[in-house]
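>>> Fold the following for me, if possible:
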Amino acid sequence: MSGRKGCSRRARLRLRGHTDDDQVNFSTLLRPADLMGHLADPNWLVLDCRFELSDPGAGERAWAAGHIPGALHAHLDRDLSGPVTASTGRHPLPDRGSFAATLSRWGVQPVTQVVAYDASSGMFAARLWWMLRWAGHDRVAVLDGGLQGWTAAGGALDRSVQQRQPVRFEPAWRDDRVVATDELAPMIGRGDCVLVDARGPDRFEGRVEPIDPVAGHVPGAVNHPCQRNLDADGRFLPPAQLLERWRDTLGGRAPASAVCMCGSGVTACHDLLALEHAGLSGARLYAGSWSEWIRDPGRPVARGGA
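Next comes the predicted model:
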């Protein structure tokens, strides 16, 4: 099938980032122009997800120096991850109660349209996008092009701190969207999934490893670097182009068979967002990813191309 021909109206709306029941319900991506008219809307919440792995405080400092008006800061380590233990990866998912409390503090209600952004490419914002959907909240989208795209479009920056009224967030957890480490090996062995690794080729093939203590990839995985989802300006490719690239990666398998991973469960969400924007729903996240897989030295490691 082609990217658009023969698609239902619901599918076409999803490709544009909308759902059928509400034309202002963005569920994958939105442009700066889409956001500019809603900065004063109390039903919209903007979250700044800027972060640097090498300097965990840098994103919050950048937010304090200037952010999209009204934006709160979502910290990868503090808000979007749980405690690291001897058996977890570098960014384990927070426990469900903690994340629900965070969403309550941010004032997320069923009617809230959440907009996540980071510096440019959406690598960190996509983690928040996926986590909200995991919690059952689909009114969430990533600002395409991030803060760089916002300022290029003439968007203003602000340094004030938004005060939002806390609420009681009522989650509807979708745990079927998460794959645990002890589930993964049997799935690969049975051929039940296509394991997709979002890291760059050098790390996937084990030629370099600047972050984790072991280089390589999970045997059987295929590589789809998250940069392949973007154009030269750091914006997501159109759905039709994403569809073609992901068809090649999936090798004819259904999108629901895909399990996405990366180094620690962050940039894998970028691949999941790209799949959803292309109309390829149903893929799951291996949240522990490479940094959890290698915690047990008995787990196999592969190097070289897939």
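>>> quick one, longest helix in the protein?
Longest helix of the chain, by residue count under DSSP state H: helix 239-250.
>>> any idea how far the residue most central in space within the chain is from residue 230?
Central residue of the chain (Cα atoms, centre = their mean): residue 126, 2.5 Å from the mean position. Distance, residue 126 to residue 230, by Cβ to Cβ, to the nearest Å: 11 Å. Using the backbone N, CA and C atoms, a C-beta is placed for each residue, glycine as well.
>>> What is the burial count for residue 297?
Other residues within reach of residue 297, judged by other Cβ atoms under 10 Å, total 7.
>>> I should have written residue 303 there, sorry.
Neighbourhood size, residue 303 [other Cβ under 10 Å]: 12.
>>> for it, what are its contacts?
205, 206, 215, 216, 217 (Cβ atoms under 8 Å, 6 or more residues apart in numbering).
>>> what's the last one sitting at in phi/psi?
Main-chain torsions, residue 217, degrees, to the nearest 10: phi -150, psi 170.
>>> residues touching the residue nearest to the centre of the chain, list them.
116, 142, 266, 267, 269, 270, 272, 273.
>>> Helices of this structure, start to end?
Here the chain has its helices, by DSSP H, at 9-16, 32-36, 58-65, 96-105, 125-134, 146-152, 181-190, 201-204, 239-250, 268-277, 289-293.
>>> Buried deepest among the ones you listed, which one?
helix 268-277 (a mean of 28; mean count of other Cβ atoms under 10 Å).
>>> hang on, the earlier thing: could you say which one of the helices of the chain comes nearest to residue 300?
Nearest of those to residue 300, taken as Cβ to Cβ: helix 181-190 at 8.4 Å.
>>> ok, back up a step: would you state the predicted confidence (pLDDT) at the residue nearest to the centre of the chain?
We have a pLDDT of 98 for residue 126.
>>> roughly how far apart are it and residue 64?
According to Cβ to Cβ, residue 126 and residue 64 sit 23 Å apart.
>>> Same question for residue 36.
As for residue 36, its distance to residue 64 is 22 Å (criterion: Cβ to Cβ).
>>> Confidence-wise, which helix or strand of this structure is lowest on average?
Within the chain, no helix or strand scores below helix 9-16, which has a mean of 41 by mean pLDDT, DSSP states H and E.
>>> would JSON lines of the helices of the chain with distance to residue 301 be doable?
Listed next are the helices of the chain as JSON lines, based on distance: least, Cβ to Cβ, whole Å:
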{"stretch": "helix 9-16", "distance to residue 301": "37"}
{"stretch": "helix 32-36", "distance to residue 301": "42"}
{"stretch": "helix 58-65", "distance to residue 301": "31"}
{"stretch": "helix 96-105", "distance to residue 301": "31"}
{"stretch": "helix 125-134", "distance to residue 301": "25"}
{"stretch": "helix 146-152", "distance to residue 301": "34"}
{"stretch": "helix 181-190", "distance to residue 301": "12"}
{"stretch": "helix 201-204", "distance to residue 301": "12"}
{"stretch": "helix 239-250", "distance to residue 301": "21"}
{"stretch": "helix 268-277", "distance to residue 301": "18"}
{"stretch": "helix 289-293", "distance to residue 301": "8"}
